[in-house]
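>>> Please work out how this folds:
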Amino acid sequence: MLKQRVQADIYPNAAVGFVKMVQENGVGAFYKGYVATVSRDVPWNALSFMFFAKAKKLFANYNGRAPAADENLVLGALSGMAAAVIMTPVDVVKCADPRPRS
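Next up is the predicted model:
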């Protein structure tokens, strides 16, 4: 929550944001987006690894060999990108209202 609020210019920097968040909502303010974050990160990681494993298998079947390090980098980037595209709606919901509530 702190990072997002600094990025949204709600707080001028992390130090000011930290103090204000603790003053306004206590330590619990730092865990406000926990469920939403886990709801995005766990499926994103699962999809990324699944896509990466499938991409490596397809690469090996097509080329008759396992991908080299640089090819793994590209396959991993594409796999992560595909997972990110799928998970973007969840990420948007997570970040929809970064303003502190009264």
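>>> what's L2 in contact with, if anything?
Y11, A14, G17, F18, M21, F30 (CB atoms under 8 Å, 6 or more residues apart in numbering). C-betas here are computed from N, CA, C, even on glycine.
>>> Mind picking the one among the residues you listed that's closest to A55?
When the contacts of L2 are compared for distance to A55 (CB to CB), F30 comes out closest, at 36.2 Å.
>>> Just to check, the closest one is in contact with K20?
No: here F30 does not reach K20: they are 12.0 Å apart, not a contact under CB atoms under 8 Å.
>>> list the contacts for the residue at the greatest distance from the centre of the chain?
With distances taken from the mean C-alpha point of the chain and given as CA atoms, centre = their mean, the most distant residue is G64, at 33.8 Å. When the contact criterion is CB under 8 Å, 6+ apart, G64 has no partners at all.
>>> Next: F52.
When the contact criterion is CB under 8 Å, 6+ apart, the partners of F52 are L75, G76, S79, G80.
>>> Which of the helices or strands spans the residue positioned nearest the centre of the chain?
Centroid-nearest residue in the chain, with CA atoms, centre = their mean: D41, separated by 5.5 Å. In this structure, D41 is located in helix 34-63 according to DSSP states H and E.
>>> Sketch out the low-pLDDT regions of this protein for me.
The chain contains residues with pLDDT under 70 at 93-102.
>>> Tell me which of the contacts of F52 fall in helices.
Helix and strand membership here follows DSSP state H; of those, those in helices are L75, G76, S79, G80.
>>> Surely the third one and K56 touch.
No: under the criterion of CB under 8 Å, S79 is not in contact with K56, lying 9.0 Å apart.
>>> Between those two, which has more neighbouring residues?
S79 (20 against 17; other CB atoms under 10 Å).
>>> Where does the record place the domain boundaries for this protein?
Residue ranges for each domain of the chain read 1-32, 34-96, as given by automatic domain parsing.
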